[in-house]
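Trainee: Need a 3D model of the sequence below.
(one chain, ligands or ions: 1)
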Amino acid sequence: MTLPPDVDVSRETSDRIDTYLALLARWNQRINLVGPLPVSQWRARHVEDSWQLLGLLPDDELPLVDLGSGGGLPGLILAAAVTRPVHLVESDQRKSAFLREAAREMGMTHVTVHAQRIEAAALPPAGTLTARALASLKVLLPHAHRLLAPGGVAIFPKGRNAEVELTEAAPGWHMSVERFGSRTDAEATIFRIRDIHPV
Ligand SMILES: C[S@@+](CC[C@H](N)C(=O)[O-])C[C@H]1O[C@@H](n2cnc3c(N)ncnc32)[C@H](O)[C@@H]1O
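Mentor: Numbers count the residues shown, from 1 in each chain. Okay, here's the model as predicted:
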């Protein structure tokens, strides 16, 4: 399926993204937050990659939980455009410190950072669960089953092995899967999954 068109960006959101990128450039000199891409490509490859998920979010105000947020992708970027509570889970203490400072500098009081392992974090039932470059679907599905509120959706961007991952993870689970092409990576697939239950 084709992703819904990008939503319009408010001035406030655009300012928040600029603040994020400036902070990222500072912090990334000390800790590796977003990998080896040149700074000039961050907006196109990292921000846009996260931003395109906005159109897949349910139209509600239930919490969005982002697992393994790292440098804030996609959690902080999505938080810049929504008012629902956003919970970022990141076990690396230095990355969590960055996420806290970035949320503060971006003026986002609706963001909570959990500097913990996913398994240990006290999280509210999620209307939306996201995870990018964290783990295989086999690992993510049990988290999604445990963390999603009834009717909630899991949004997992995946690389070129997306279908293989899905085939390996599917036995033992009932779920409803939608697939979307990525606008930033021709080989990637974005899964939106709901109704995840053990069979
Ligand atoms: C490869 S990075 C991806 C970061 C970000 N989502 C992105 O797309 O750039 C995975 C992140 O998940 C964190 N992580 C891995 N296992 C975790 C766990 N069990 N609980 C919380 N964070 C975890 C790591 O510290 C790391 O920052």
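Trainee: ok, how many other residues are close to Glu178?
Mentor: 13 (other CB atoms under 10 Å). C-beta: built from backbone N, CA, C; applies to glycine.
Trainee: What's the separation between it and Ile190?
Mentor: 9 Å (CB to CB, to the nearest Å).
Trainee: continuing past the lowest-mean-pLDDT helix or strand in the chain, what's the next helix or strand?
Mentor: Between all helices and strands in the chain, the lowest mean by mean pLDDT, DSSP states H and E belongs to helix 42, at a mean of 89. Sequence order places helix 48-51 as the next helix or strand after helix 42, per DSSP states H and E.
Trainee: So is that next one next to the ligand?
Mentor: No: Helix 48-51 stays clear of the ligand (CB under 6 Å from any ligand atom), getting no nearer than 7.9 Å.
Trainee: So which bits of the next helix or strand after that helix are buried?
Mentor: Next along the chain after helix 48-51, taking DSSP H and E as the criterion, comes strand 64-67. By 16 or more other CB atoms under 10 Å, the buried positions in strand 64-67 come out as 64-67.
Trainee: Could you do stretch 152-159 as well?
Mentor: Within stretch 152-159, the residues scored as buried using 16+ other CB under 10 Å are 152-158.
Trainee: Equivalent analysis for stretch 119-130, please.
Mentor: Within stretch 119-130, the residues that qualify as buried are 121, 123, 126-130, counting by 16+ other CB under 10 Å.
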